[in-house]
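> I'd like to go over a predicted model; first the sequence, then the structure.
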Amino acid sequence: MTEKGRAVGTFDEAGRRCECDDPPKESEMSVISATVDQWIPIVRGEFQEVPGLHLTKPQVRRLWGLDPPTCDALLDALVDGRFLKRTHDGAYARADASD
């Protein structure tokens, strides 16, 4: 999309438009759900193995190479399941850890 001759949206280092600006389509939601179910034990394991681990959302995305919708769904599932919590600075940590 352009606005008065200039591109609107988020672009990567190569100038390609990132799809992260677009919400996932319904057909993509089942794929995201399956992916989240696969990622939950991996992420839980990492937080269990590294006591005191605190990660921001961008760090989670980079560490595991997740796209924004999958990362959001994964973190939401782990918070809803009371395994992770949001800290006062917006990072994610184990729910049983002190800030």
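Cool, got the structure. Remember, it's a predicted structure, so these values are computed and weren't measured experimentally. Numbering: from 1, shown residues only.

> Using neighbour counts, pick out the buried residues of whichever strand or helix holds Ala77.
Ala77 belongs to helix 68-80 when assigned by DSSP states H and E. Neighbour-count burial for helix 68-80 flags 68-75, 77-78 (criterion: 16 or more other C-beta atoms under 10 Å). Glycine gets a C-beta too; all of them are placed from N, C-alpha and C.

> Remind me what that helix packs against, helices and strands.
helix 26-49, helix 57-64, strand 84-86, strand 92-94 (3 or more C-beta pairs under 8 Å, 6 or more residues apart in numbering; DSSP states H and E).

> possible to save the buried residues of helix 68-80 as JSON lines with distance to Asp37 and pLDDT?
Listed next are those as JSON lines, based on distance: C-beta to C-beta, whole Å; pLDDT from 0 to 100:
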{"residue": "Pro68", "distance to Asp37": "18", "pLDDT": "94"}
{"residue": "Pro69", "distance to Asp37": "14", "pLDDT": "93"}
{"residue": "Thr70", "distance to Asp37": "11", "pLDDT": "93"}
{"residue": "Cys71", "distance to Asp37": "14", "pLDDT": "95"}
{"residue": "Asp72", "distance to Asp37": "15", "pLDDT": "95"}
{"residue": "Ala73", "distance to Asp37": "10", "pLDDT": "95"}
{"residue": "Leu74", "distance to Asp37": "9", "pLDDT": "96"}
{"residue": "Leu75", "distance to Asp37": "14", "pLDDT": "97"}
{"residue": "Ala77", "distance to Asp37": "8", "pLDDT": "97"}
{"residue": "Leu78", "distance to Asp37": "12", "pLDDT": "97"}
